[in-house]
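K.L.:
Got a predicted structure here, sequence first:
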Amino acid sequence: MKCGRGPKGAKAKKLGVCPAASENRLDKIHGGINSGRACWVVAGTFCGGTVQGSFAKKQLACKRCDFYLKVHSEEGRKIENTHSLLKRLKDTSSRLDITQKRLGVIIGSSGLIGGALMYYFKTKTSGDIEVLGPNSKRLSLRQPDDIKRYFDKYHPDFIINCAITSLDSDAQLTLETNYLGAIRLAKMARLQKIPYIHFSSAATLPMGENLTEEDLRPIGPKLSNYAKSKLLAEKTLQYMHETQGLDYTTVRLAVVYGKHDHKIQGFQRLLFSIADQSMPFMLSKPGVCHSYSNTKKIPPFINHILESRDEFSGQSYNFVDQEPVEMVALIKAIKTYLNLKTPRELYIPYPVANSGKAFIKWLIKRLGRLGVVVRLPAELQFMKSFYETQTLSVEKLAKSSYRDPAPDVTVFTELTSIIDYYLVRWKHLNLFTAFHEDIKETSHPAAEFMDTPENLLEKINKYSHEPLEDFEAHL
């Protein structure tokens, strides 16, 4: 077509190489090189003087194109079905111009961290990255064939693994997901020669102050299933880097705080226990501190390390706020904001608290004999950490090229908005047993749906509704 956008064309530097010349998933189709003889299904081609978008938008123009007619005439009955071509391109009719973007796969995209990453890459980056977030039905880390089939199909430019099992999962599930699944992903990344970003946990470190990235716990059978699996994964990733050239980075998080978590775990478990008034006394002692990781800060860091592979490849980083948090101070802050009387400032010694845990374990065992399936709350497995300090050093992170865009943001500065978000959410799910009417929810978007659905129906059917108006404005 003499557009000048070939690999060495006169306009390639100014306008970019045509996707039809660079998209290799249709290589050899109709005897062409890359997508050279199937350009009508490739987004971003330069046709009729302008860059064309998806096949759905360009098909009418393509069907009038001399080259399109030429190929169809030459191929005759051997011409590839358009649907088959689009399938090879991962449905470019719905995902525009993907051939000019880097493609990433985020495992565990439905979780707190994975969800934050999906949102960031889709809305906060310059638009040169497309991310996929397959669920466990489409890609199970426990099924090697799933992993091979998925990555052979999509050939991404990087892999981010945020997937974990529940803290109380049995040994088999934890092994296959947190350890073997993580290593399978790493092997696929090494095979395809792409970066692999792995999320780990402070559970791989001992208790103590100012712990560095190298202060790993010794591997032993007494570790919890979760800690053991994350520690084994870190060790194997390091070995694969040293012996097989794996390009990886481990990001080690501590207590994660932020909105939009669908599970009540970690920081949210503490908040829930106080709000529900199920923590009558202090299950800690003054002076016990822990490091915290901000959900919003994680995606910019991941984007930075993807852009700086020479510096971050083969490295592990503690990614936590600069200042640790005293647990008692955090409990008091939540209690004060909610204007509650509990937990009372009576500090339960660890031996007493641990005896309560032992009783619960005994009770669960007895119920199991009666056919009642009950699990020990995950946080009780880590009760000892409520009474021991664990703070992570950020010295290595501070010496890197990454700069915290909001160093003054901490769990205390975010606390009120986080509390308001989760209290409304949990009340709507009817999870509270004690804390009820004091939660403000007048501005919650689901209030009309919950309280006056008949009004909502009439508005949508006969009049207008703001969320739909916003959607229609973009059609």
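P.N.:
All right, it came through fine.

K.L.:
check which helix or strand covers His83.
P.N.:
helix 82-88 (DSSP states H and E).

K.L.:
what is the rounded mean pLDDT of that helix?
P.N.:
Averaged across helix 82-88, pLDDT comes to 79.

K.L.:
Could you grab the helix/strand/coil label for the spatially most central residue of the chain?
P.N.:
Taking Cα atoms, centre = their mean as the criterion, Gly114 is the residue nearest the geometric centre of the chain, at 0.8 Å. Following DSSP: H, G, I helix; E, B strand; the rest coil, we place Gly114 in the helix state.

K.L.:
Give me the next element, helix or strand, following the helix holding His83.
P.N.:
With secondary structure assigned by DSSP H and E, helix 82-88 is succeeded by strand 102-107.

K.L.:
which strands and helices sit next to that next one?
P.N.:
In terms of contacts (3 or more Cβ pairs under 8 Å, 6 or more residues apart in numbering; DSSP states H and E), strand 102-107 is packed against helix 112-123, strand 129-132, helix 144-154, strand 158-161. (C-beta placed from N, C-alpha, C; glycine too.)

K.L.:
The residue nearest to the centre of the chain contacts Ile106, doesn't it?
P.N.:
Yes: using Cβ atoms under 8 Å, Gly114 is in contact with Ile106, at 5.3 Å.

K.L.:
picking up where we left off before, most packed of the helices and strands packed on strand 102-107?
P.N.:
Of all the helices and strands packed on strand 102-107, strand 158-161 has the most neighbours on average by mean count of other Cβ atoms under 10 Å, namely a mean of 24.

K.L.:
Show me what it is in contact with.
P.N.:
102, 104-108, 114, 117, 151, 182, 185, 188-189, 194-199, 302, 306 (Cβ atoms under 8 Å, 6 or more residues apart in numbering).

K.L.:
I'd like the helices and strands packed on strand 102-107 as TSV, with mean pLDDT and distance to Cys62 appended.
P.N.:
Formatted as TSV, these follow (pLDDT from 0 to 100; distance: least, Cβ to Cβ, whole Å):
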stretch	mean pLDDT	distance to Cys62
helix 112-123	92	28
strand 129-132	88	23
helix 144-154	89	25
strand 158-161	96	32
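
K.L.:
Tell me which of the ones you listed sits nearest to Lys11.
P.N.:
strand 129-132 (24.9 Å; Cβ to Cβ).

K.L.:
Just the buried positions in the helix or strand harbouring Ile419, please.
P.N.:
Assessed by DSSP H and E, Ile419 sits inside helix 411-428. If you call a residue buried by 16 or more other Cβ atoms under 10 Å, then helix 411-428 has these buried ones: 411, 414-415, 418-419, 422-427.

K.L.:
Can you convert the residues you listed into TSV and add a column each for distance to Ser278?
P.N.:
TSV is the format used below for the buried residues of helix 411-428 (distance: Cβ to Cβ, whole Å):
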residue	distance to Ser278
Val411	21
Glu414	23
Leu415	20
Ile418	19
Ile419	16
Tyr422	15
Leu423	14
Val424	19
Arg425	17
Trp426	12
Lys427	15
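
K.L.:
contacting residues for Ala189?
P.N.:
Applying Cβ under 8 Å, 6+ apart, the residues near Ala189 are 158-159, 195-196, 246-248.

K.L.:
Quick check: the farthest pair among the residues you listed?
P.N.:
Among those, Phe158 and Leu246 lie farthest apart (Cβ to Cβ), at 12.8 Å.

K.L.:
where in the chain is pLDDT low?
P.N.:
Applying pLDDT under 70 to the chain flags residues 46-59, 90-100, 126-127, 350-383, 432-454, 456-475.

K.L.:
what's the distance between Asp408 and Pro300?
P.N.:
Distance, Asp408 to Pro300, by Cβ to Cβ, to the nearest Å: 16 Å.

K.L.:
any idea how this structure splits into domains?
P.N.:
The record's domain split for the chain, according to automatic domain parsing, is 12-88, 101-254+291-324+393-409, 445-475.

K.L.:
What is the end-to-end distance of stretch 188-201?
P.N.:
22 Å (Cα to Cα, to the nearest Å).

K.L.:
Can you give me the buried ones in that stretch?
P.N.:
Quick answer for stretch 188-201 (16+ other Cβ under 10 Å): 188-190, 192, 194-201.

K.L.:
hang on, the earlier thing: Asp408 and Pro300: who's more crowded?
P.N.:
Pro300 (17 against 9; other Cβ atoms under 10 Å).

K.L.:
what helix or strand is the more buried one on?
P.N.:
Pro300 belongs to helix 298-307, assigned by DSSP H and E.

K.L.:
can you give me the angle that helix makes with helix 112-123?
P.N.:
70 degrees (axes from the mean of the first three to the mean of the last three Cα atoms, to 10 degrees).

K.L.:
From the contact counts, what lies against helix 298-307?
P.N.:
Using 3+ Cβ pairs under 8 Å, 6+ apart, helix 298-307 sits against helix 112-123, strand 196-201, strand 248-253.

K.L.:
Now for Lys297, how many residues are close by?
P.N.:
18.
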